[in-house]
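K.L.:
fold the following for me, if possible:
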Amino acid sequence: EMAILGEGILASLPPLKAGDDFALLSNSGFGNLTGQTVGVSNEGCARDDYASLEQSGSATKIAVVRRGKCTFREKMDLAALAGASAMIVFNSGSSAGIFRGTLGSEGDISSYIPCL
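P.N.:
Presented below is the predicted three-dimensional model:
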């Protein structure tokens, strides 16, 4: 079961199955995490897009980022820099459904935050 605390709401989701409901990005960090979801502005390709994360008072923040324009690795780096402990990337518009992606393998992948 996954619990997500967001914008003052605690939502309990039914068990999610990897591959059916979501996919981890290749080389993603991993672990168990409960935190506050915080929406990211625009497509999360600029430092300013993460201002809401930096302003959040929550100790554990999960960045919720729209897919598009820049790499998943760029989004992860910016989210982590803004204090996110994890990142959820979602499709929007007519691009619904599960997608697969990678964070690449440059640098120390052991420092990558969990990303799906």
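K.L.:
need the helices for the protein, in chain order.
P.N.:
51-55, 72-81 (DSSP state H).
K.L.:
distance of Leu53 from Ser110?
P.N.:
Distance of Leu53 to Ser110, computed by C-beta to C-beta, to the nearest Å: 22 Å. For every residue, glycine as well, the C-beta is placed using N, CA and C.
K.L.:
ok, the two, which is more surrounded?
P.N.:
Neighbours were tallied for Leu53 and for Ser110 using other C-beta atoms under 10 Å; the higher tally belongs to Leu53 (27 against 7).
K.L.:
low-confidence stretches in this protein?
P.N.:
1-21, 93-97 (pLDDT under 70).
K.L.:
who's in contact with the one residue sitting closest to the centre of the chain?
P.N.:
Most central in the chain under C-alpha atoms, centre = their mean is Met87, positioned 1.4 Å from the mean C-alpha point. Neighbouring residues of Met87 by C-beta atoms under 8 Å, 6 or more residues apart in numbering: 62-65, 75-76, 79, 113-116.
K.L.:
that one and Asp77: what is the separation?
P.N.:
In terms of C-beta to C-beta, Met87 sits 10 Å off from Asp77.
K.L.:
partner residues bridging Gly29?
P.N.:
On the basis of DSSP bridges, Gly29 is bridged to Pro114.
K.L.:
heads up, I number from 376, so please use that
P.N.:
That works, and once the first residue is 376, the last one we named lands at Gly404.
K.L.:
quick one: it and Leu491 touch, right?
P.N.:
No: using C-beta atoms under 8 Å, Gly404 is not in contact with Leu491, being 10.5 Å away.
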